[in-house]
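**Student:** need coordinates for the following:
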Amino acid sequence: MSNTYVNMVREELQASKCTVIQRVKLEEAGELIRRSMFKLPLITREGRRLFVEMLTKMAGDAELLGRLRVAKIALGSHVPEDSYDREVLEIVESLVELEKEALSPVSIRYHDKRLVVFEKDCVVNGEKYRRGDLALLTVNELTAAFIHRCVKPLQNPLVVFSKSHG
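**Tutor:** Numbers count the residues shown, from 1 in each chain. Next comes the predicted model:
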């Protein structure tokens, strides 16, 4: 059962880009675990201990796989379109953009808040915003907006002008 995760970790380590994880692979491992659970009452105490140990190792393999994939995306790998975890990896991309924004000296700030323009209708911390709205958002609000991919941070006009007239 753990071979599924070990093989995925091996594939991820060997690939230069983030690999596609098929839902079928994860469902097969899950099905084997479910079928094994029905047999637990029939096996010895030592067998149950080994089963729990195997599940713990599988969870560790899954964590390692997740960390590898997050690191690859954070370092600029493309998010695979058909991957089971595509949405999670897209959030990682958003968080990298958020960190870039948080560290950027050219974003427009007012105290602890960043000035953004909403690119689509969005609800952030219960507040409704429409496309084109300008808002000053705290880091927590900005994080939620980045995850929903509904804002664009505004930059100092002098920097924008100098970029366009390079």
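**Student:** in the longest helix belonging to the chain, which residues are buried?
**Tutor:** Looking across the chain with DSSP state H, the single longest helix is helix 45-74. Under the neighbour-count criterion of 16 or more other CB atoms under 10 Å, helix 45-74 has 51, 58, 61-62, 64-65, 68-70, 72-73 buried. Glycine gets a C-beta too; all of them are placed from N, C-alpha and C.
**Student:** and the furthest pair within those residues?
**Tutor:** 51 and 73 (33.2 Å; CB to CB).
**Student:** next up, the contacts around the residue found closest to residue 61 once you drop the neighbours it is linked to in the chain.
**Tutor:** Nearest non-adjacent residue to residue 61, counting by CB to CB, 6 or more residues apart in numbering: residue 5, 3.6 Å away. Applying CB atoms under 8 Å, 6 or more residues apart in numbering, we find residue 5 in contact with 29, 58, 61-62, 65.
**Student:** among those, which one lies nearest to residue 80?
**Tutor:** Residue 80 lies nearest to residue 65 out of the contacts of residue 5, by CB to CB, at 13.6 Å.
**Student:** residue contacts, the closest one?
**Tutor:** By CB under 8 Å, 6+ apart, the contact set of residue 65 is 5, 8-9, 12.
**Student:** weed out the non-buried ones from these.
**Tutor:** Using 16+ other CB under 10 Å as the burial test, the contacts of residue 65 include 5, 8-9, 12 as buried.
**Student:** from those residues, which shows the smallest pLDDT?
**Tutor:** Among these, residue 5 has the lowest pLDDT, at 88.
**Student:** no more questions from me, cheers.
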